[in-house]
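>>> starting from these lines, generate the structure:
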Amino acid sequence: MKKTFINLSLILIGFLVYFIQSNFFSWFTIAGVKPNLFVIYILFIGLFSNKSMGIIYGAIYGIILDLLFRQKIGANLIGLIIIGVVATIFNKNFSKDSRMTIIFMVFGSTIIFEVISYIVNYILYSSNLEILNFVKILIIETIYNVIVTIIVYPLIKKFGYYIENEYKGNKILTKYF
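Below is the predicted model:
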């Protein structure tokens, strides 16, 4: 029953993230760049839930975002799945207790997502290579994602540990051995 409630909550939060990203942050762009809240959200799901949930939610939201914003499915799908995989790797190797660690995880995940998205867009859409514009967007979006993470970190941590206790239980020692 609790897992069903958690999954319904994650789906509702996903819709909320979509509406915040598409409506609220369209007013607060920096040089035309909005933060990518789905990178933060999928990283959060992958860090605090079981191994496959970050990948599954990354695939679901990647398909939804590709259908809403692109003509071809691919860039968001592949990028968010890889963020789900990266989140499980981060979960094994790093602590989620430190705000700085989470900030570095968001920093790295944003860079990974944008590079993968750029490469997939280049392959699928045969778009031009505009490295300077890409680097500008990458820097602004990474800083923007880090700022948003600093602001919402207390909520992420509180809800995240609730999810982790439900899915993983209290297996502190078995995580490291």
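>>> which stretches of the chain form helices?
For the chain, helices defined by DSSP state H occupy the ranges 2-19, 37-48, 53-69, 75-93, 99-125, 131-168, 172-176.
>>> for these, which one ends up most surrounded?
Across the helices of the chain, averaging neighbours per residue (mean count of other C-beta atoms under 10 Å) puts helix 37-48 on top, at a mean of 26. C-beta coordinates here come from the backbone N, C-alpha and C atoms, glycine included.
>>> measure the residue nearest the centre of the chain to residue 1 for me?
In the chain, the centroid-proximal residue (C-alpha atoms, centre = their mean) is residue 39; its distance is 2.1 Å. Counting by C-beta to C-beta, to the nearest Å, the gap from residue 39 to residue 1 is 30 Å.
>>> before we move on, what about residue 103?
34 Å.
>>> once you drop chain neighbours, what's closest to residue 57?
Nearest-residue entry for residue 57: residue 45, 5.0 Å, with adjacent residues in sequence omitted and distances by C-beta to C-beta, 6 or more residues apart in numbering.
>>> helix or strand with the lowest mean pLDDT in the protein?
Here the helix or strand of the chain ranked lowest by mean pLDDT, DSSP states H and E is helix 172-176, holding a mean of 54.
>>> thought residue 140 was touching residue 29?
No - checked against C-beta atoms under 8 Å, the pair residue 140 and residue 29 is beyond contact range at 9.0 Å.
>>> related to what we said a few turns ago, worst average pLDDT in the helices of the chain?
The stretch with the lowest mean pLDDT among the helices of the chain is helix 172-176, at a mean of 54.
>>> before we move on, back to that, tabulate the helices of the chain (CSV), appending distance to residue 25.
Formatted as CSV, the helices of the chain follow (distance: least, C-beta to C-beta, whole Å):
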stretch, distance to residue 25
helix 2-19, 10
helix 37-48, 8
helix 53-69, 14
helix 75-93, 16
helix 99-125, 15
helix 131-168, 8
helix 172-176, 35
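>>> can I get stretch 152-162 in CSV, CA atoms only?
The C-alpha coordinates for stretch 152-162 follow below in CSV (Å, rounded to 0.1, in the frame of the first residue of the first chain):
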residue,chain,number,x,y,z
VAL,A,152,14.7,22.3,-2.8
TYR,A,153,17.3,20.1,-1.2
PRO,A,154,15.5,19.9,2.2
LEU,A,155,12.4,18.6,0.6
ILE,A,156,14.3,16.2,-1.6
LYS,A,157,16.1,14.8,1.4
LYS,A,158,13.0,14.4,3.6
PHE,A,159,10.9,12.7,1.0
GLY,A,160,13.9,10.8,-0.3
TYR,A,161,14.6,9.1,3.0
TYR,A,162,10.9,8.2,3.3
